[in-house]
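what shape does this take:
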Amino acid sequence: QVQLVESGGGLVQAGGSLRLSCAASGRTFSSYAMGWFRQAPGKEREFVASISWSGGNKFYGDSVKGRSTISRDNAKNTVFLQINSLKPEDTAVYYCAARSSQRGPSRGVLQYEYDYWGQGTQVTVSS
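Numbers count the residues shown, from 1 in each chain. Okay, the predicted model is just below:
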């Protein structure tokens, strides 16, 4: 089992930045690729970003591409998501997820590829 706990959400003004963290416990963190997804009210959950187990490969959803950075610190069992130039449409609950390396290489953009999920952290961007 892998337990994931997100933090860093909150209320921020449009144009600001936010850094989300996801702390993992349980099995070996470095053997898991990680992803961030978000779900806005009334909308389906969407892919935000993913990072390979080594941190060498990163992918971003179109909605945040160019203004976000995903990173990880395997020594601290933590994955981060930095989003800059926040917009009101970034308002959502942000979830981190873990994907076992046993599934093989993937961009990790699909929800069903992930084995474990956190409870989410609310991000609200005011205009």
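
could you use CA atoms for every contact and neighbour count after this?
Will do.

contacts for stretch 55-64 next, please.
47-52, 68, 70-72, 83, 107 (CA atoms under 8 Å, 6 or more residues apart in numbering).

pull the most distant pair out of those.
The largest distance within the contacts of stretch 55-64, taken as CA to CA, falls between Ile83 and Arg107 and amounts to 19.6 Å.

neighbour-wise, which of the two wins?
Each of Ile83 and Arg107 has its neighbours counted (other CA atoms under 10 Å); Ile83 has more, 21 against 16.

quick one: contacts for that one?
17-19, 64, 67-69.

go on, Gly16?
Contacts of Gly16 (CA under 8 Å, 6+ apart): 84-86.

buried subset of the contacts of stretch 55-64, written for ChimeraX?
Buried subset of these, written as a ChimeraX selection, criterion 16 or more other CA atoms under 10 Å:
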select :47,48,49,50,51,52,68,70,71,72,83,107
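
and the contacts of stretch 55-64 as JSON lines, adding distance to Met34, secondary structure and pLDDT?
Converted to JSON lines, those look like this (distance: CA to CA, whole Å; DSSP: H, G, I helix; E, B strand; the rest coil; pLDDT from 0 to 100):
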{"residue": "Phe47", "distance to Met34": "12", "secondary structure": "strand", "pLDDT": "98"}
{"residue": "Val48", "distance to Met34": "11", "secondary structure": "strand", "pLDDT": "98"}
{"residue": "Ala49", "distance to Met34": "9", "secondary structure": "strand", "pLDDT": "98"}
{"residue": "Ser50", "distance to Met34": "6", "secondary structure": "strand", "pLDDT": "98"}
{"residue": "Ile51", "distance to Met34": "5", "secondary structure": "strand", "pLDDT": "97"}
{"residue": "Ser52", "distance to Met34": "7", "secondary structure": "coil", "pLDDT": "95"}
{"residue": "Ser68", "distance to Met34": "15", "secondary structure": "strand", "pLDDT": "98"}
{"residue": "Ile70", "distance to Met34": "9", "secondary structure": "strand", "pLDDT": "98"}
{"residue": "Ser71", "distance to Met34": "9", "secondary structure": "strand", "pLDDT": "98"}
{"residue": "Arg72", "distance to Met34": "9", "secondary structure": "strand", "pLDDT": "97"}
{"residue": "Ile83", "distance to Met34": "16", "secondary structure": "strand", "pLDDT": "97"}
{"residue": "Arg107", "distance to Met34": "10", "secondary structure": "coil", "pLDDT": "90"}
